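Chemist: Sequence below, structure please.
(one chain, ligands or ions: 1)
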Amino acid sequence: MAYTLACKDSGTNCPYVARGETEEEVLQDGAKHVKEVHGYTDEQINDPKFLEESRKLIRKT
Ligand SMILES: [Zn+2]
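Modeler: Predicted coordinates:
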């Protein structure tokens, strides 16, 4: 069982898929990705609204 979060599901053309054993792990992986690739700031990543929206995109596989 793994959790995934596809970057393109958030409306980008990016092929990246974040993965993790838990929801927290996949969110951390996703946060690292948007920071490195999409130039997000810590403020944006820690925004509760952003976290909530990201959480909705998580899929269990
Ligand atoms: Zn991306």
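
Chemist: Up against the ion, what does the protein have?
Modeler: Within the chain, the residues that sit near the ion (Cβ under 5 Å from the ion) are 7, 14, 16, 37. The way it works is simple: take the backbone N, C-alpha and C, and place the C-beta from them, glycine included.

Chemist: longest helix of this structure?
Modeler: The residue-count maximum for a helix in the chain (DSSP state H) belongs to helix 23-38.

Chemist: So which residues make contact with that one?
Modeler: If you take Cβ atoms under 8 Å, 6 or more residues apart in numbering as the criterion, helix 23-38 is touched by 3-5, 7, 12, 14, 16, 18-20, 40-42, 44-45, 51, 54-55, 58.

Chemist: Show the contacting residues for Tyr16.
Modeler: So Tyr16 contacts 6-7, 33, 37 (Cβ under 8 Å, 6+ apart).

Chemist: With Ala18 instead?
Modeler: Applying Cβ under 8 Å, 6+ apart to Ala18 gives the contacts 4-7, 26-27, 29-30, 33.

Chemist: Return the members of these classed as buried.
Modeler: 4-7, 26-27, 29-30, 33 (16 or more other Cβ atoms under 10 Å).

Chemist: Show me which of the residues you listed is closest to the ion.
Modeler: Cys7 (3.3 Å; Cβ to the ion).

Chemist: got the contact list for that closest one?
Modeler: Contacts for Cys7 were tallied using Cβ under 8 Å, 6+ apart; they are 14-18, 30, 33-34.
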